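In: Sharing a model prediction with you, sequence too.
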Amino acid sequence: MPQAFSQEHLKITLTEQEYPPLISYETQVGGLLTDMVRASFKLRGVDVTFAAVPNNRAITGLMQGLYDGSYGWTHSAERDEKLLYSSKPIYFLKIVFFQRSNEEYKWEHLTDLNAYNIGVTQGNHYSDEFSDLIAAGKLKIDPAPSDISNFKKLLLGRIDIFPIDQDVGQYFLKNNFSIEDQRRIKSQGKAISIVPVYLVVRRTLPHAKEFISRFDQGFQQLSESGQLEKMIEAYKSQLSISSEHQAVKP
């Protein structure tokens, strides 16, 4: 039996960007991470309101103080100054490059890609190394406001490769492009990075540490009860999420 809960009830507003099948406000599915976060907070007496916003605004709006928190984000130097993170990741993303099917872009090190145009989605952090190379001018990037926009640019030949979580990329292709267009794009098997993502709240939020503490406790309880594993398996079954992706068990 779970322990009785007696703490003061709290409310928090989290930004919710479109990143299906993990996070989605435009489909009936909802999202695996959305359900994880909602359930973890509920176990510790916190009601969550989700604010649906464009991808970049989901993190920039939070850092500007417009929202309380968000989820599905990784560490970066800029974010670490303004945000508090859950003690453990809630999920791991496998970031790979997508490319046109009739072309090859082989690489051993990311610097091998300096001759190519790389699409990136504004607000996303792919790895520390990737960001450092961009800052040093050693990679050519072409930003876009959304992942869908980057896939369209890939089809038009305006970019050569585009990094995104492997399963999310496949989901976007399957649900937003024709069969013919899907055949024109493929993912590389080699991962750029395996990215841990977290729940985050802004440091200036009243009771910020309390929210993080309650989330950590709820996520732990969700895991130990077996409910977390059931949620993951259900989404794998419904959406063909690969077995490589697992939420971290506390």
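Out: Perfect, I can see it now. Numbering: from 1, shown residues only.
In: CA atoms for contacts and neighbours, from now on please.
Out: Fine.
In: in which helix or strand would I find the residue nearest the centre of the chain?
Out: In the chain, the residue lying closest to the centroid (Cα atoms, centre = their mean) is G72, at 4.0 Å. Element membership for G72, per DSSP states H and E: strand 69-73.
In: Pull the residues that contact that strand.
Out: By Cα atoms under 8 Å, 6 or more residues apart in numbering, the residues outside strand 69-73 that reach it are 12-16, 33, 37, 58-59, 62, 90-91, 196-202.
In: Go through the residues you listed and flag which are in strands.
Out: Those of those mapping onto strands are 12-16, 91, 196-202, per DSSP state E.
In: In the strand holding G72, which residues are buried?
Out: By neighbour count with 16 or more other Cα atoms under 10 Å, strand 69-73 contains the buried residues G69, S70, Y71, G72, W73.
In: From F92, how far off is the fourth one?
Out: Translated: G72. Distance, G72 to F92, using Cα to Cα, to the nearest Å: 9 Å.
In: and for these two, which residues touch both?
Out: V197.
In: Domain boundaries for the chain, per the record?
Out: 10-92+196-239, 94-194 (automatic domain parsing).
In: Throw the ones you listed into JSON lines and include mean pLDDT, thanks.
Out: Output for the domains of the chain, formatted as JSON lines (pLDDT from 0 to 100):
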{"stretch": "domain 10-92+196-239", "mean pLDDT": "91"}
{"stretch": "domain 94-194", "mean pLDDT": "94"}
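In: ok, and which of those domains has the densest surroundings?
Out: Comparing the domains of the chain by mean neighbour count (mean count of other Cα atoms under 10 Å), domain 10-92+196-239 ranks first with a mean of 18.
In: what's the spacing between it and its chain's center?
Out: Domain 10-92+196-239 has its C-alpha centroid displaced from the chain centroid by 10 Å (Cα atoms, centre = their mean, to the nearest Å).
In: do stretch 142-160 as well
Out: On Cα atoms, centre = their mean, the centre of stretch 142-160 falls 18 Å from that of its chain.
In: First-to-last residue distance for that stretch?
Out: 10 Å.
In: what sits up against it?
Out: 54-56, 99-100, 116-122, 161-162, 164, 172-173, 176, 181, 184-185.
In: Swap in 7 Å and give it another go.
Out: Residues outside stretch 142-160 that contact it (Cα atoms under 7 Å, 6 or more residues apart in numbering): N55, Q99, Y116, N117, I118, G119, V120, T121, Q122, I161, F162.
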